[in-house]
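K.L.:
Got a predicted structure here, sequence first:
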Amino acid sequence: MTTFVLVHGALHGSWCWRHILAPLRHAGHSVDAIDLRAQDSSAGTGFAASVEAVAAAVNRAQPPVVVVAHSLGGAKVSQYLEGAPDVVAGVVLVNALMVEDGEAVLAKLQTAGEDCVFMRPGALNFSEDATTLSVTAAAAAEGFYNRCGPADAAWAAAQLCPEPVPPLLQPLHLSAKGFGMVPKIYLGSRHDRVLPWWMQEKMAKAAGAQLIELGGDHSPFLSVPDELVGQLLSIEEKWGRP
């Protein structure tokens, strides 16, 4: 039995994984979908709270542990594993935003230009004090859920919460002897309108991750959950068994 620790991305929460929880458990595995405390802007200005939340989930999990990180969760998990590369069997990066040493998340996203829906004029809304950001309803539908069913897309969009800005500006420090030592597979989509395919190819290569193509969109846990589960179970056979 493997323990899957599921780490959500920006503006999302543990709720986003709802379609894949039961199938993974029915296959005999333990699943812990966590909420990152850094979603609360009062939880601090850096990645520390997110790193602590991931660490707590891994520490309480029965090994072997496979961490599954979506979107911004990829950057947060990489910072945790930089200091603990041996504690997991591997990390699955699902349409993940990955930075290199010294890069900050927002600066990395900006390199996508208008190939990223959220980098287009008017897509982002900042709070009056500029401490949090959100996305417009139209941008959320096109960026996050462009291949999801209408019911799932509407339900998910209603759950979105503002994302703290300060962590997005913090350069991360990663090394070959830290995060570089962790086994990685990147699951990406050519139909992702947040992280374009060319960018996913570059990020997977820079992270030393095998790139496997998924169908769906930026949110495969809603658009192609069965395909995502199948990939996770296949990866578990490779990493989770002696």
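P.N.:
Received, thanks.

K.L.:
who's in contact with Val165?
P.N.:
For Val165, the contact set (Cβ atoms under 8 Å, 6 or more residues apart in numbering) comprises 106, 126, 130-133. In this view, the C-beta of every residue, glycine as well, is placed from N, C-alpha and C.

K.L.:
mind redoing it with 6 Å?
P.N.:
Applying Cβ atoms under 6 Å, 6 or more residues apart in numbering to Val165 gives the contacts 131, 133.

K.L.:
from here on, count from 136
P.N.:
Noted, 136 is the first residue going forward, which turns the last one into Val300.

K.L.:
Do you know the pLDDT at the most centrally placed residue in the chain?
P.N.:
Nearest residue to the geometric centre of the chain (Cα atoms, centre = their mean): His205, 1.7 Å. With respect to pLDDT, His205 scores 98.

K.L.:
residues contacting it?
P.N.:
Neighbour list for His205: 143-144, 229 [criterion: Cβ under 6 Å, 6+ apart].

K.L.:
cool, and Leu303?
P.N.:
Residues near Leu303 by Cβ under 6 Å, 6+ apart: 240-241.

K.L.:
and the gap between it and Thr246?
P.N.:
14 Å (Cβ to Cβ, to the nearest Å).

K.L.:
next one: Gly144
P.N.:
Separation of Gly144 from Thr246 (Cβ to Cβ) stands at 18 Å.

K.L.:
Comparing these two, which residue is more hemmed in?
P.N.:
When Gly144 and Thr246 are compared for neighbours, Gly144 comes out ahead with 25 against 12, by other Cβ atoms under 10 Å.

K.L.:
that older thread, list just the nearest of the contacts of His205 to Asp236.
P.N.:
Nearest to Asp236 among those is Gly144, at 21.2 Å by Cβ to Cβ.

K.L.:
in a strand, that's where the closest one is, yeah?
P.N.:
No: applying DSSP: H, G, I helix; E, B strand; the rest coil, one finds Gly144 to be coil, outside a strand.

K.L.:
Cool, thanks, talk later.
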